[in-house]
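S.K.: The following block contains a protein sequence and its predicted model.
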Amino acid sequence: MSSTLSDVFRSHPIHIPLSNLRDFKALPDSYTWTPKDDLLFSASASDETLPLIDLSDPNVTTLVGHACTTWGALQITNHGVPSRLLDDIEFLTGSLFRLPVQRKLKAVRSENGVSGYGVARIASFFNKKMWSEGFTVIGSPLQDFRKLWPSHHLKYCEIIEEYGEHMQKLAAKLMWLALGSLGVEEKDIKLAGPNSDFQGTQAATQLNHYPICPEPDRAMGLAAHTDSTLMTILYQNNTAGLQVFRDDVGWVTVPPVPGSLVVNVGDLLHILTNGIFPSVLHRARVNHVRSRFSMAYLWGPPSDLMISPLPKLVDPLQSPL
Ligand SMILES: C=C1C[C@]23C[C@@]1(O)CC[C@H]2[C@@]12CCC[C@@](C)(C(=O)O1)[C@H]2[C@@H]3C(=O)O
Ligand SMILES: O=C(O)CCC(=O)C(=O)O
Ligand SMILES: [Fe+2]
């Protein structure tokens, strides 16, 4: 019997820790990770670097295609998202997580819900707790933000809305660059819609906070996962922590480059391209001296759309992978 992602989440309810991570002076056992908790926990680290691509480069289609094929991820500059807006979303994220725990809990994610304050949705699949807290926005954040900031919520709603508009346009542009590198055109992909602008696609904005940690080498900010999206666009503040994994290379840290954005290929783009683009395994490590924020725009198709490999990318001699 098949089950949906929502069914799986429902059968793995998540527990919201009520403690404030900043109050721990030592790492509790429930937060201490070993390779038993995650096979790749101590996999080797490499100083290879994720491709950093200038979107105004004349060769951009080939560069994006190559990064998606070899890494399933890339970092981009000259992406057109105003740096003022990146500052605003970082300010919003900092303001949100600096609120007292009791205030954040007013907007806690409900047991079967997706929006609101809580630990990462994948937390219930691991034995150990992650050194982070998150806030997920799907659709309008008005109700939740009103609970967090009774008198200032509108200014924060405007930032989320403007951020979503820019990210949606950028996601569509990146999608055309990535698919264009494989020779896919408007006529080959129904998901693109009549205006080729991917109208009807859906997104979640995930705000993440990784507080200062007393023993970062034994803790895990966000455990290794792939995103279940088409594509994720991530902005990280100036503290390193994101790592991507490549089979032949190991864990590679993605250093924050001011003003740049990280792009991850998600599971649905992996399926759409019949495996040509891998969805990147990634995780977030934590830090002894600085707290870290990241803001992920998780971009996916309309929820009722069936996704399968694009016929153009299926080898006539081989059925879809
Ligand atoms: C749209 C979604 C993707 C996500 C699950 C969710 O329904 C909302 C939160 C997203 C997030 C963000 C942190 C990492 C992640 C794996 C998780 O636990 O929650 C992703 C989920 C995903 O990519 O499947
Ligand atoms: O904090 C990070 O760098 C990673 C966040 C992430 O992977 C996510 O929100 O899906
Ligand atoms: Fe992720």
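M.R.: Ah, there it is. Ligands and ions are numbered 1, 2, ... in the order given.

S.K.: what's the pLDDT at the residue nearest to Ser303 when sequence neighbours are not counted?
M.R.: Distances taken as C-beta to C-beta, 6 or more residues apart in numbering put Gln202 closest to Ser303, at 6.2 Å, once the chain neighbours are dropped. All C-beta spots, glycine's among them, are computed from the backbone N, C-alpha and C. The model reports Gln202 with a pLDDT of 95.

S.K.: List the beta-bridge partners for Gln202.
M.R.: Gln202 forms beta bridges with Gly300, as assigned by DSSP bridges.

S.K.: so it touches Pro301, yeah?
M.R.: Yes: using C-beta atoms under 8 Å, Gln202 makes contact with Pro301 at a distance of 7.1 Å.

S.K.: where along the protein do the helices fall?
M.R.: 5-10, 60-70, 83-97, 101-104, 142-148, 153-180, 267-272 (DSSP state H).

S.K.: Now do the fifth one: distance to the chain's middle.
M.R.: For helix 142-148, the separation from the chain centroid amounts to 22 Å (computed by C-alpha atoms, centre = their mean, to the nearest Å).

S.K.: buried set for that helix?
M.R.: For helix 142-148, a neighbour-count test (16 or more other C-beta atoms under 10 Å) marks 144-148 as buried.

S.K.: Output stretch 221-238 in PDB, but only the C-alpha positions, please.
M.R.: Extracted C-alpha coordinates of stretch 221-238, given in PDB (Å, rounded to 0.1, in the frame of the first residue of the first chain):
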ATOM      1  CA  GLY A 221      22.700  21.200  13.600                       C
ATOM      2  CA  LEU A 222      20.600  19.600  10.900                       C
ATOM      3  CA  ALA A 223      21.200  16.000  10.100                       C
ATOM      4  CA  ALA A 224      22.200  14.800   6.600                       C
ATOM      5  CA  HIS A 225      19.200  14.900   4.200                       C
ATOM      6  CA  THR A 226      18.200  15.700   0.700                       C
ATOM      7  CA  ASP A 227      15.400  18.200   0.200                       C
ATOM      8  CA  SER A 228      12.100  16.800  -1.200                       C
ATOM      9  CA  THR A 229      11.800  19.800  -3.500                       C
ATOM     10  CA  LEU A 230      12.400  20.600  -7.100                       C
ATOM     11  CA  MET A 231      15.000  23.100  -6.000                       C
ATOM     12  CA  THR A 232      16.000  24.900  -2.800                       C
ATOM     13  CA  ILE A 233      17.600  28.400  -2.700                       C
ATOM     14  CA  LEU A 234      19.400  29.000   0.500                       C
ATOM     15  CA  TYR A 235      20.800  32.200   2.100                       C
ATOM     16  CA  GLN A 236      23.200  31.700   5.000                       C
ATOM     17  CA  ASN A 237      24.500  34.500   7.300                       C
ATOM     18  CA  ASN A 238      28.200  35.000   7.600                       C
END
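
S.K.: Going forward, the N-terminal residue is numbered 41.
M.R.: Renumbered: residue one is now 41, and that last one reads stretch 261-278.

S.K.: pLDDT of it, averaged?
M.R.: Average pLDDT, stretch 261-278: 97.

S.K.: Is there proximity between that stretch and ligand 2?
M.R.: Yes: Stretch 261-278 comes into contact with ligand 2 (C-beta under 6 Å from any ligand atom), by way of 262, 267, 272, 274, 276.

S.K.: Beta-bridge partners for the last one, please?
M.R.: Just to be clear, that refers to Gln276. Ser334.

S.K.: OK, contacts around it?
M.R.: Residues near Gln276 by C-beta atoms under 8 Å, 6 or more residues apart in numbering: 282, 294, 296, 302, 332-335.

S.K.: do that again at 7 Å, thanks
M.R.: Listed by C-beta atoms under 7 Å, 6 or more residues apart in numbering, the contact partners of Gln276 are 282, 296, 302, 334.

S.K.: where's the last one relative to ligand 2, distance?
M.R.: Which is Ser334. According to C-beta to the nearest ligand atom, to the nearest Å, Ser334 and ligand 2 sit 3 Å apart.

S.K.: For that residue, report the pLDDT, please.
M.R.: At Ser334, the predicted lDDT confidence score is 98.

S.K.: now the first one
M.R.: On the pLDDT scale, Leu282 is placed at 98.

S.K.: pretty sure it contacts Val326?
M.R.: No: applying C-beta atoms under 7 Å as the test, Leu282 and Val326 come out as separate, 11.3 Å apart.

S.K.: how about the contacts of Gln276 in a markdown table, adding neighbour count and distance to Leu95?
M.R.: Shown next, in a markdown table, are the contacts of Gln276 (neighbours: other C-beta atoms under 10 Å; distance: C-beta to C-beta, whole Å):
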| residue | neighbour count | distance to Leu95 |
| --- | --- | --- |
| Leu282 | 25 | 20 |
| Pro296 | 19 | 18 |
| Val302 | 24 | 13 |
| Ser334 | 25 | 21 |
